[in-house]
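Participant: predicted model follows, preceded by the sequence.
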Amino acid sequence: MRTELPGWAPADIDLQRPNAARVYDYLLGGASNFEVDRVFAHRLLERAPEAGVILRHNRAFLGRAVRFCVEQGIRQFLDLGSGIPTVGNVHEIAQRLAPGCRIVYVDNEPIAVAHSELMLEDNDDADVVLADLLKVDAVLGAEPVRRLIDFTRPMAVIMAAVLHFIPDEADPHGVVARYVDAMAPGSFLVLSHGADTGQERYQALRRMYDQSSTPAAVRTRERILTFMAGTELVEPGMVWAPHWRPETGTADPLAPAVICAAVGRKP
């Protein structure tokens, strides 16, 4: 059955396969998704009912990390693989704490970019770029990036739950290193990444994503840690997302241990 596109949706999007950004949106309670994404999400929940909780923990980590960066004096953010806008966006958190913070979102999912454009049309200090984060020169040279980001001053580069959709053949470590090289001293790298825990049901989830438009490339915690090269980890280092500076002061010991999270400062 043909899916009717809403007016805001680009006409050339792929609706034959689920997309990770739209599945993520659905699991977080958003409406920027399609039937193919919802079917995939329900299959995912059948195998791992805690999947929605895991994603909410990742989103909460992002919020805490942004607040931390603002507290450290950061006033500009480059959010790579930003996804579809939902509650707790980077610009909402940063600009509420420090008006004038500048944010550029980057994503290769047309739905994510279309929604971000609508959300940001009256925000002079935030913009979005439709681009593949692997094409570093294109991202850094994009007009919104050049206009809003001053690479001579400290900034935060965010890669939240995106690198586990980039295969090793695409050299994600080399790509991250180039972004770190572009950052001024005193900048921060904010990163979260699904970890290979060895549990069979999560292996099954990875195989499910192999059938989507965004196959998963889950890595071990040790391998994930190497993405932070060129930075000094801030406390508590690389931990499970719910354990990174939890607001209550104590992390939930029963929280699913799936997504690693860390923030590193470039010396």
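Facilitator: Arrived safely.

Participant: any weak-confidence spans in the protein?
Facilitator: Residues of the chain meeting the criterion pLDDT under 70: 1-15, 87, 198-215, 249-256.

Participant: quick check: longest helix of it.
Facilitator: Ordering each helix of the chain by length in residues (DSSP state H) puts helix 51-71 first.

Participant: report the inter-axis angle for the helix or strand immediately after it in the chain versus helix 51-71.
Facilitator: Using DSSP states H and E, the helix or strand that follows helix 51-71 in sequence is strand 76-80. Angle of strand 76-80 versus helix 51-71, following axes from the mean of the first three to the mean of the last three Cα atoms, to 10 degrees, is 150 degrees.

Participant: next one: strand 76-80 to chain centre, how far?
Facilitator: 10 Å (Cα atoms, centre = their mean, to the nearest Å).

Participant: show me what that strand is packed against.
Facilitator: With contacts taken as 3 or more Cβ pairs under 8 Å, 6 or more residues apart in numbering; DSSP states H and E, strand 76-80 sits against helix 90-97, strand 102-107, strand 156-160. No exception for glycine: its C-beta is placed from N, CA and C like everyone else's.

Participant: at 6 Å what do you get?
Facilitator: Contacting strand 76-80 under the criterion 3 or more Cβ pairs under 6 Å, 6 or more residues apart in numbering; DSSP states H and E are the following elements: strand 102-107, strand 156-160.

Participant: still on that earlier bit, could you give the angle of the longest helix of the chain to strand 156-160?
Facilitator: Angle, helix 51-71 to strand 156-160, by the same axes, to 10 degrees: 180 degrees.

Participant: now helix 51-71, how far from the centre of its chain.
Facilitator: Chain-centre distance of helix 51-71: 10 Å, with Cα atoms, centre = their mean.

Participant: quick one, it and strand 102-107 angle?
Facilitator: Here the directions of helix 51-71 and strand 102-107 differ by 150 degrees (the same axes, to 10 degrees).

Participant: now helix 51-71: buried residues?
Facilitator: Buried residues in helix 51-71, defined by neighbour count with 16 or more other Cβ atoms under 10 Å: 51-70.

Participant: same thing with stretch 182-199?
Facilitator: 182-183, 187-197.

Participant: and those, which of them are in helices?
Facilitator: Using DSSP H, the members of the buried residues of stretch 182-199 that fall within helices are Ala182.

Participant: and the closest residue to Gly230 other than its chain neighbours, how many residues sit next to it?
Facilitator: In space, and not counting its chain neighbours, Gly230 is closest to Val180: 4.3 Å by Cβ to Cβ, 6 or more residues apart in numbering. Using other Cβ atoms under 10 Å, Val180 is surrounded by 18 other residues.

Participant: how much space separates Val180 from Ala195?
Facilitator: 21 Å (Cβ to Cβ, to the nearest Å).

Participant: cool, and Gly174?
Facilitator: Separation of Gly174 from Ala195 (Cβ to Cβ): 21 Å.

Participant: go ahead and flag the most central residue of the chain.
Facilitator: Ala160 (2.9 Å; Cα atoms, centre = their mean).

Participant: what residues does that residue make contact with?
Facilitator: 62, 192 (Cβ atoms under 6 Å, 6 or more residues apart in numbering).

Participant: tell me which residues form a beta bridge with it?
Facilitator: Ser192 (DSSP bridges).

Participant: quick one: it from Leu80, how far?
Facilitator: Distance, Ala160 to Leu80, by Cβ to Cβ: 9 Å.

Participant: just Tyr179 next, same as before
Facilitator: Tyr179 sits 7 Å away from Leu80, going by Cβ to Cβ.

Participant: okay, the two: which has more neighbours?
Facilitator: Neighbours per residue (other Cβ under 10 Å) separate Tyr179 from Leu80, with Leu80 holding more: 25 against 19.
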